[in-house]
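A.B. asks: Quick check, what structure comes out for this input:
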Amino acid sequence: MASKYRWFVAVFILALGSDQGSKIWARQSLRPIYPAVKSVIPGLFELRYSENPGSAFGLFRGVPGARYLLFAVGIAALFLVGNYLRKAAPGARRLGAELGLLAGGALGNVIDRIAYGRVTDFIVWRAGSHEWPTFNIADAALVVGVVGLLFDMRPDDGVKKQPAKKGK
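C.D. replies: Numbering: from 1, shown residues only. Modelled structure (predicted):
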C-alpha cells in the first residue's frame, strides 16, 4: 500500500475516533450539567455542551432543510477528498495525513447529523473578553487539514532553478 494511503487511514481513524469518543463523553458528562461550564484553564479554555443544528459558527441555523444540505455537503466533501487522494503521488504522506483530517472531520459531523440531527459541540476558547464559537474535534480536524493544504499550496519562494547544463 502506498504511504499516502497508510497516512490517510491512520490519521482518518485517529480524527474520527477521537471526535466520536469525545462527543460520546460530552453527551454523557456535559449534557446533564448544561448550561454549566467546566473551566479547564480559567479564562482560556472551557468545556460547555452545545448542540448545533447549523454549520460552523451557527450558519444555516433555523434554515428549513439545512440538515439535509449540510449532510450533502459533507458527503460531497468525502468524495472530493477521495478523488484528490487517488490522484496524489504515492509518496505524498503529508497530503495523505491532511486529507485524513478532512475526511475524519467531515465524517464525524455527518455521523452526528444522521444520528442526532445536529452536531455536538463542547470546546470553548477565550482570549480576554473574546470567545470563539463552541466547536468539536471534527471542526478542529477540518481546520487543521485545510490550513495544511493551504500551506502546501503556497507559491514558490520566487527563486528560479537553473536548468541542468548539457555536457559536450
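A.B. asks: Could you find the closest non-adjacent residue to residue 20?
C.D. replies: In space, residue 20 comes closest to residue 108 once its chain neighbours are excluded; the distance is 6.1 Å by CB to CB, 6 or more residues apart in numbering. All C-beta atoms are positioned from the backbone trio N, CA, C, and that covers glycine.
A.B. asks: elements contacting the strand or helix carrying the one you found?
C.D. replies: Element membership for residue 108 (DSSP states H and E) is helix 93-116. If you count contacts as 3 or more CB pairs under 8 Å, 6 or more residues apart in numbering; DSSP states H and E, helix 93-116 packs onto helix 3-29, helix 66-87, strand 119-127, helix 137-152.
A.B. asks: which stretches of the chain aren't confidently modelled?
C.D. replies: Counting by pLDDT under 70, the chain shows low-confidence ranges at 56-59, 156-168.
A.B. asks: 90 - rerun?
C.D. replies: When residues are selected by pLDDT under 90, those of the chain lie in 1, 33-37, 43, 52-74, 113, 117-118, 128-129, 133, 152-168.
A.B. asks: Grab the most central residue of it for me.
C.D. replies: residue 142 (2.0 Å; CA atoms, centre = their mean).
A.B. asks: since we're on the residue nearest to that residue when sequence neighbours are not counted, how many residues are nearby?
C.D. replies: Spatial nearest neighbour of residue 142, chain neighbours left out: residue 105 (3.7 Å); criterion: CB to CB, 6+ apart. Residue 105: 27 surrounding residues under other CB atoms under 10 Å.
A.B. asks: does residue 105 really touch residue 145, like I thought?
C.D. replies: Yes: taking contacts as CB atoms under 8 Å, residue 105 lies within contact range of residue 145: 6.6 Å.
A.B. asks: Find the residue closest to residue 30 in space, skipping its chain neighbours.
C.D. replies: Excluding the flanking residues, the one nearest residue 30 by CB to CB, 6+ apart is residue 49, at 3.7 Å.
A.B. asks: err, residue 35, not the other one
C.D. replies: What sits nearest to residue 35 in space, not counting adjacent residues and going by CB to CB, 6+ apart, is residue 48, at 7.3 Å.
A.B. asks: if I look at the residue nearest to residue 30, how far off is residue 120?
C.D. replies: 8 Å (CB to CB, to the nearest Å).
A.B. asks: ok, now residue 92?
C.D. replies: Following CB to CB, the distance that separates residue 92 from residue 120 is 32 Å.
A.B. asks: More neighbours: which of those two?
C.D. replies: Regarding residue 92 and residue 120, a neighbour count based on other CB under 10 Å identifies residue 120 as having more, with 26 against 21.
A.B. asks: Noted, bye for now.
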